[in-house]
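Trainee: Sequence and computational prediction follow.
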Amino acid sequence: MKFASGQRWFSQTEPELGLGIIDSVHSRRIQIQFPAVDETRTYAEAQAPLQRYWLEVGERVTTADGLSGVILSTELHQDRIMYLLQDAEGAEHVVPEMLLAAELRLDSADKRLLAGQVDPLHWYSLRYKARLQFSAYQAQSIRGLLGGRIQLTPHQYYLAQVTTQGDIPRVLLSDEVGLGKTIEAGLILHKLEIDGRVRRTLITVPDHLLHQWLVELLRKFNMPFSIFDTSRIKALLEEDPDNNPFDQAQRVLVPVSLWQDGNALTMAAKCDWDLLIVDEAHHLGWSEDTPSLEYQAIETLSASTPGLLLLTATPEQLGVESHFARLRLLDPQQFHDLAEYTAKHAQLETLSDALAAWLDNDLASDHLHAYCQDTYSQTLLAAAQESGSEAEIQRLVDHLIDVQGTGRIQYRNTRERIAGFPERKLHAYPLSLPDDYNPENPYPERGVLAWTEDDPRVEWLVDLAQKTGEKLLVICHHMKTASGLEGHLRLREGLRTAQFHEDMTLIERDRAGAYFADQEDGAQILICSEIGSEGRNFQFAHHLVCFDLPHHPDLLEQRIGRLDRIGQTHTIDIHVPYFINHVSARWFQWYDEGLQAFERTCAVGQAVLSERLPAEPEPSLDYLIELTPEEFEDELTAVIGLALELSERLRAGKNRLLEWHSFNRAEAQDLIEQIVEFESVASPEAFMLEALESFGIDIEDEGQGIFSLQPSANMLTDSLPFMGDEGTRVTFRRSVAVSRDDIQFITWEHPMVDFVLETLDANHLGSAGVTLISQPDLPKGTLYLSAHFVPLLQHAKATEARRFLSSAAYLVAVNQEGQNTTDYFAEKDLRDLQQRLNKGTMLDIIKSQQTLIAQLLGHVRQHALEPLNRLKDEANVALVTHFAGEIARLEALQQRSGQDHGAALDALRQDQRALEQAIDQAEPHLDAVRLIVNF
């Protein structure tokens, strides 16, 4: 059917949006408003999950202004439906479809039953199981934290949970290098999307990290992003000059260099973003007089975007002014005056030092007495001193940072506070430079034919593999170096190797990673290019070979970070071959002696390089090539001194108050235990395997929690997300998923689960049926109607309200007199009772009992109101309890600190009222109905 403005359509996949009205149709794109939830969506015409809303004669309809009546006739006029209604007084009204009420009336189950469009009992049971189990997941406070293919690292999950409890967060994530800020940002984004609070996200990162972010978000969170750079934007504008390119995708990833283009910024700023994420935010140069173009771009974008995540491993320790600039982006009202902030910052440093002295020396000391003058603070301090427990200390610290500090706007975890990281051990190997290698080329093998025959690093690597007998992760700067080396080792030396680089597809890289991960028959050596290994976790190995060295310290830390991760159980052995009298020797010294970057986490590498090359937009170690030996020695001395100075500044600026605030060990552990328990008792494995098999997918159990899915000729659907023509392999176990990138990790938050649920709805599978039973305790020849209802929420806060008002189906059953028989059938499994019933007899029963069935449908709808009202009451109690704690915290904080939290309190109360309204407006939706015949 042709789309036209003014028509009424609804989303098959999101019926909770209510009844939509087409606003415009342009360039094969449909813009449709959903007044019930105050949202506007844009769909590609060919892929829109929309269904025409067309009521039939005899149905009752309500208009937007409250007029209600029965439809007498319908007429199509210029592709729009005109309804003739008769109201209760008998008056007739002509109502265009655009004037219908926004609430969707979509009880198609009754229509299917009356029309004889019925399904076997198997589908009815599967549908009911889907409703019960998925709603149990929706009610969890950990919803949104389950879907990541990542280890359950407490500090990352704790941070994601606390930052998403209120409004869309505007926070600074400033964990130390290697603690997983990218993962934290991914977790936060994933939870916000699952909660329905974020739909459009813009991420901007340094150019060299673009691919890493793309891979991490796709492989770990199943979130594909579209990369928009200058060439992509140009191509989109050439294809459709009238449309904003940034409107073409919901998730957009851009290099920070794009903001040098003012037109690109103008177009991006015109879009409605829900969340902006900025990596390496310390690169945003700012001063009161001359903010950088990049800073101005982020300031422009963040001003109209509700959520903002700034990521940096070097917060205020590298300068109060630059730190103020980042906080100013997060909250320009609170951080509007640099002088005022500088004074408060000095007070916070004093408090942090006092806390550090109190923690490191004697809890009974008086270091904190000056900051605990009120009764409440003194009570917390006394409790912490008396028990010495981390929980009581945590309560005190949380209170102090709320009252004295920046509250919940910044988080910083440190390795010292988190613990559990491995040691690093450097192994250096000076080698002779081949005659045909250029001593000034950091990658001298490039351009040399058959270089693997004479390069001493190759023979050295073969010896290392034979001596260790263990898995080696080898990283080369260039893809062709990695590819040539892998081919030589495999074909000439007979070693089990695999290559891993950016010229391979994601599937090919997954297979290579899986081959390397296989402990029995897998590759001993995985040879990666610089960016080919980004976003991957190879911590099952502990030998890293830097076949060459990168030109930037961030890249070196990234290499080591493939193995140096929480959960690594071995010391990391870092093997570095370099050539004598070659630039690689200088680079090695710069990293080892200058930064001590091999055996310690280096947080100052970028800062050192920028200080030494302040005029370079992208500084690198290439500057060492042109130096004379004397100049290099002077430079190395300067680098050593600068690195020590910056490192000392970092240590001196350690904010113990902030570190304790950022990680509540007890709450984090409780959160992890909740996730582990839920995954163990409420896995989607049984449901998904049954559903996929019902859809015609061939399933093979490969053991160890791995299943192979293959398409078949009898598939119910044309495709399945993440399966492809060749099938796929899945697991429902996190332990398997984190070590096997080639296997899909299926949780309740995986797109494959969404697809199954949407397919059940779109095809109305199991929504109507007839079952024949023979129960001696029931009168023979009687009819019963068993119906499943779900609370239908059509409100802007519907997704959030699901946490309190479950979407679980509840049963209502009546006999042919309309009496409630729910208790009887609630205890019965119809699959155990059903008798054989041929299709012809079933259709005859439906046809002959049309009037009675219609009456029974009216009875079950009436009986469905009482259990729904009980669910609403329970939901409202849970809702009030949830908000009471946070409101009480802010009220107490306002009283104790004297700070004005009125706006935050108003926002909380407004959010509570909106959720209460969403729950109160819930109606019973007939999800499935079954006619039961007892003979």
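Mentor: Happy to help now that I have it.
Trainee: roughly how far is stretch 347-358 from the heart of the chain?
Mentor: Centroid displacement of stretch 347-358 relative to its chain, using C-alpha atoms, centre = their mean, to the nearest Å, is 36 Å.
Trainee: Could I get the buried residue list for that stretch?
Mentor: Buried residues in stretch 347-358, counted by 16 or more other C-beta atoms under 10 Å: 348, 349, 351, 352, 353, 354, 355, 356, 358. In short, each C-beta sits where N, CA and C put it, glycine included.
Trainee: And stretch 258-272, by the same measure?
Mentor: For stretch 258-272, using 16+ other C-beta under 10 Å, the buried residues are 258, 259, 261, 264, 265, 267, 268, 271.
Trainee: likewise stretch 64-83?
Mentor: Within stretch 64-83, the residues that count as buried by 16+ other C-beta under 10 Å are 69, 71, 80, 81, 83.
Trainee: still on that earlier bit, what's the closest of the buried residues of stretch 347-358 to residue 617?
Mentor: Checking the buried residues of stretch 347-358 against residue 617 by C-beta to C-beta gives residue 349 as the nearest, at 32.4 Å.
Trainee: Tell me how far that closest one lies from residue 702.
Mentor: To residue 702, residue 349 is 57 Å away according to C-beta to C-beta, to the nearest Å.
Trainee: for residue 255, what are its contacts?
Mentor: For residue 255, the contacting residues are 204, 205, 206, 207, 210, 229, by C-beta atoms under 8 Å, 6 or more residues apart in numbering.
Trainee: which two from the buried residues of stretch 64-83 end up farthest apart in space?
Mentor: With C-beta to C-beta as the measure, no two of the buried residues of stretch 64-83 lie farther apart than 69 and 80, at 18.8 Å.
Trainee: still on that earlier bit, which of the contacts of residue 255 fall within helices?
Mentor: If you go by DSSP state H, the contacts of residue 255 have residue 210 in helices.
Trainee: List the ones among the buried residues of stretch 347-358 that fall in helices.
Mentor: Using DSSP H, these in helices are 348, 349, 351, 352, 353, 354, 355, 356, 358.
Trainee: tell me the contacts of the fourth one?
Mentor: The contact partners of residue 352, by C-beta under 8 Å, 6+ apart, come to 654, 655, 656, 657, 658.
Trainee: ok, which pair from these is furthest apart?
Mentor: Going by C-beta to C-beta, the pair spanning these furthest: 654 and 657, at 9.9 Å.
Trainee: Looking only at neighbour counts, state which of these two leads.
Mentor: Counted by other C-beta atoms under 10 Å, residue 654 and residue 657 do not tie: residue 657 has more neighbours, with 24 against 18.
Trainee: Rounded mean pLDDT for the one helix or strand that one maps to, please.
Mentor: If you go by DSSP states H and E, residue 657 is part of helix 656-662. Per-residue pLDDT over helix 656-662 has a mean of 81.
Trainee: For the helix or strand just after it, buried residues please.
Mentor: Moving toward the C-terminus from helix 656-662, the next helix or strand (DSSP H and E) is helix 665-681. Residues 665, 668, 671, 672, 674, 675, 678, 679 are the ones in helix 665-681 that count as buried (16+ other C-beta under 10 Å).
Trainee: Just the closest of the residues you listed to residue 51, please.
Mentor: Checking these against residue 51 with C-beta to C-beta, the nearest one is residue 678 at 34.0 Å.
Trainee: picking that back up, closest one of the buried residues of stretch 258-272 to residue 322?
Mentor: Nearest member of the buried residues of stretch 258-272 to residue 322, counting by C-beta to C-beta, is residue 259, at 17.9 Å.
Trainee: What values do phi and psi take at the nearest residue to that closest one once chain neighbours are set aside?
Mentor: Spatial nearest neighbour of residue 259, excluding adjacent residues (C-beta to C-beta, 6 or more residues apart in numbering): residue 297 at 3.6 Å. Taking degrees, to the nearest 10, you get phi -60, psi -50 for the backbone angles of residue 297.
Trainee: quick revisit: got a markdown table for the buried residues of stretch 258-272, with pLDDT, distance to residue 119 and secondary structure too?
Mentor: As requested, the buried residues of stretch 258-272 are exported to a markdown table (pLDDT from 0 to 100; distance: C-beta to C-beta, whole Å; DSSP: H, G, I helix; E, B strand; the rest coil):
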| residue | pLDDT | distance to residue 119 | secondary structure |
| --- | --- | --- | --- |
| 258 | 95 | 51 | helix |
| 259 | 94 | 54 | helix |
| 261 | 90 | 55 | coil |
| 264 | 94 | 51 | helix |
| 265 | 95 | 53 | helix |
| 267 | 95 | 49 | helix |
| 268 | 96 | 48 | helix |
| 271 | 93 | 43 | coil |
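Trainee: So of the residues you listed, which two are at opposite extremes in space?
Mentor: Top of the distance list for the buried residues of stretch 258-272 (C-beta to C-beta): 261 and 271, 15.5 Å.
Trainee: Spatially central, which residue of this protein would that be?
Mentor: In the chain, the residue lying closest to the centroid (C-alpha atoms, centre = their mean) is residue 190, at 1.7 Å.
Trainee: contacting residues around that one?
Mentor: By C-beta under 8 Å, 6+ apart, residue 190 lies in contact with 144, 145, 147, 148, 221, 223, 749.
Trainee: Let me know the helix or strand that it is in.
Mentor: Using DSSP H and E, residue 190 maps to helix 181-194.
Trainee: Then residue 862?
Mentor: Going by DSSP H and E, residue 862 is part of helix 850-863.
Trainee: wait, isn't residue 268 in contact with residue 301?
Mentor: Yes. Residue 268 lies in contact with residue 301 (C-beta atoms under 8 Å); the separation is 6.4 Å.
Trainee: mind checking the SS state of residue 6?
Mentor: What DSSP: H, G, I helix; E, B strand; the rest coil gives for residue 6 is coil.
Trainee: sorry, back to before: CA atoms of the helix holding residue 862 as PDB?
Mentor: What follows is helix 850-863, C-alpha atoms only, in PDB (Å, rounded to 0.1, in the frame of the first residue of the first chain):
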ATOM      1  CA  GLN A 850     -19.100 -17.600  16.800                       C
ATOM      2  CA  THR A 851     -21.700 -15.900  19.000                       C
ATOM      3  CA  LEU A 852     -20.700 -17.700  22.100                       C
ATOM      4  CA  ILE A 853     -16.900 -17.200  21.400                       C
ATOM      5  CA  ALA A 854     -17.600 -13.400  21.000                       C
ATOM      6  CA  GLN A 855     -19.400 -13.400  24.400                       C
ATOM      7  CA  LEU A 856     -16.600 -15.300  26.100                       C
ATOM      8  CA  LEU A 857     -14.000 -12.800  24.700                       C
ATOM      9  CA  GLY A 858     -16.000 -10.000  26.400                       C
ATOM     10  CA  HIS A 859     -16.000 -12.000  29.700                       C
ATOM     11  CA  VAL A 860     -12.300 -12.600  29.700                       C
ATOM     12  CA  ARG A 861     -11.600  -9.000  29.000                       C
ATOM     13  CA  GLN A 862     -13.700  -8.000  31.900                       C
ATOM     14  CA  HIS A 863     -12.000 -10.500  34.200                       C
END
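Trainee: Distance to residue 422 for the buried residues of stretch 258-272 - can I get that in TSV?
Mentor: Putting the buried residues of stretch 258-272 into TSV (distance: C-beta to C-beta, whole Å) gives the following:
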residue	distance to residue 422
258	37
259	38
261	43
264	42
265	42
267	46
268	41
271	43
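Trainee: burial count for the closest residue to residue 242 other than its chain neighbours?
Mentor: In this structure, residue 242 finds its nearest non-sequential neighbour in residue 27, 7.1 Å apart by C-beta to C-beta, 6+ apart. Per other C-beta under 10 Å, the neighbour tally for residue 27 reads 10.
Trainee: Just to check, residue 330 is in contact with residue 309?
Mentor: No. Applying C-beta under 8 Å as the test, residue 330 and residue 309 come out as separate, 9.3 Å apart.
Trainee: The two: which is more packed in?
Mentor: Counted by other C-beta under 10 Å, residue 330 and residue 309 do not tie: residue 309 has more neighbours, with 25 against 20.
Trainee: Cheers, nothing more for now.
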